[in-house]
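Q: Task: produce atomic coordinates for the following.
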Amino acid sequence: MATAELFVTQVYSASLGRGSEELNNEILDEIEQLYQVDEVGRKWSEENYLGGYTSYSSLSELHRISSTFARLEEKIRKHVLAYAKQLDYDLGGGTLEMSDCWVNVMQAGTVHTSHIHPLSCISGTYYVQVPEGASGIVFEDPRLGFLMAAPPRKKRCQKKNRAHVRINPSPGKVVLFESWLRHEVPPSPCEDERVGVSFNYVWR
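A: Numbers count the residues shown, from 1 in each chain. As a prediction, the model looks like this:
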């Protein structure tokens, strides 16, 4: 008797590679400048991103306006193409292009509620600064709403059978996932800032 693993959800994570520490320092410097000039983003964050700052609502194409974030995109692209190969994407004559890129600065209590990224195919996060004990990204089993009469899983069940799986962040790490996969970041228990860059890729 054999058991087949069907409809597997793949999440990709890897180190960005050599030079990430220097790039991270440049990104942190640039975020300080962005925060000073981004009045719209600060106001939106005060109302929707308690305790933190995000440029999601204001400066969401940073790779198009900043050479620092353009260099980050070049490094991320290699991983996106490797991930697309693992997913057996047939791009035909098209290409995968970064459409959105924004920063997230989370302090103690700041949270990303559960969400997906519509109108894109691959999304991800790059971790710039991560204090010890910072919250990870939590992915939800896309079948969760259909598990009507299923008994609960064992406390120590295999990762592939869990309803929620957490991937811990670390500086210089990139995490990629298909954009339909629901995910969240629980409130951070750390006073120090957890800084990440989120992005989407589309097929053109």
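
Q: centre of the chain versus stretch 1-15, how much separation?
A: Put simply, stretch 1-15 sits 19 Å off its chain's centre (CA atoms, centre = their mean, to the nearest Å).

Q: pLDDT on that stretch, on average?
A: The pLDDT scores in stretch 1-15 average 94.

Q: And that stretch, end to end?
A: 39 Å (CA to CA, to the nearest Å).

Q: i'd like the first residue to be 29 from this point on
A: With 29 as the first residue, the last one maps to stretch 29-43.

Q: Can you list the buried residues in that stretch?
A: 39-41 (16 or more other CB atoms under 10 Å). All C-beta atoms are positioned from the backbone trio N, CA, C, and that covers glycine.

Q: Distance from the chain centre to the top helix by length along the chain, please.
A: The single longest helix within the chain, with elements called by DSSP state H, is helix 95-114. Mean-position distance between helix 95-114 and its chain equals 13 Å (CA atoms, centre = their mean).

Q: just checking, what packs against that helix?
A: Here helix 95-114 is seen to pack against strand 40-43, helix 48-65, helix 90-93, strand 124-134, strand 150-157, strand 201-206, strand 222-231 when contacts are counted using 3 or more CB pairs under 8 Å, 6 or more residues apart in numbering; DSSP states H and E.

Q: could you dump those to CSV with distance to V166?
A: Compiled in CSV, the helices and strands packed on helix 95-114 are given as follows (distance: least, CB to CB, whole Å):
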stretch, distance to V166
strand 40-43, 14
helix 48-65, 23
helix 90-93, 25
strand 124-134, 14
strand 150-157, 12
strand 201-206, 11
strand 222-231, 14
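
Q: which one of the ones you listed lies closest to K183?
A: Comparison of the helices and strands packed on helix 95-114 against K183 by CB to CB identifies strand 40-43 as nearest, at 24.5 Å.

Q: Just checking: what are the partner strands of the closest one?
A: Its sheet considered, strand 40-43 pairs with strand 201-206 (antiparallel) by DSSP bridges.

Q: tilt between the partner strand and helix 48-65?
A: 70 degrees (axes from the mean of the first three to the mean of the last three CA atoms, to 10 degrees).

Q: Could you look up the next helix or strand downstream of strand 201-206?
A: Sequence-wise, the next helix or strand downstream of strand 201-206 (DSSP states H and E) is strand 211-213.

Q: Same question for the longest helix of the chain: list its buried residues.
A: Here helix 95-114 shows 97, 100-101, 103-104, 107-108, 111-112 as buried, counting by 16+ other CB under 10 Å.

Q: hey, what's the residue nearest the centre of the chain bridged with?
A: For the chain, T153 is the residue whose C-alpha lies nearest the centre (CA atoms, centre = their mean; 2.7 Å). For T153, the beta-bridge partners are V203, S226 (DSSP bridges).
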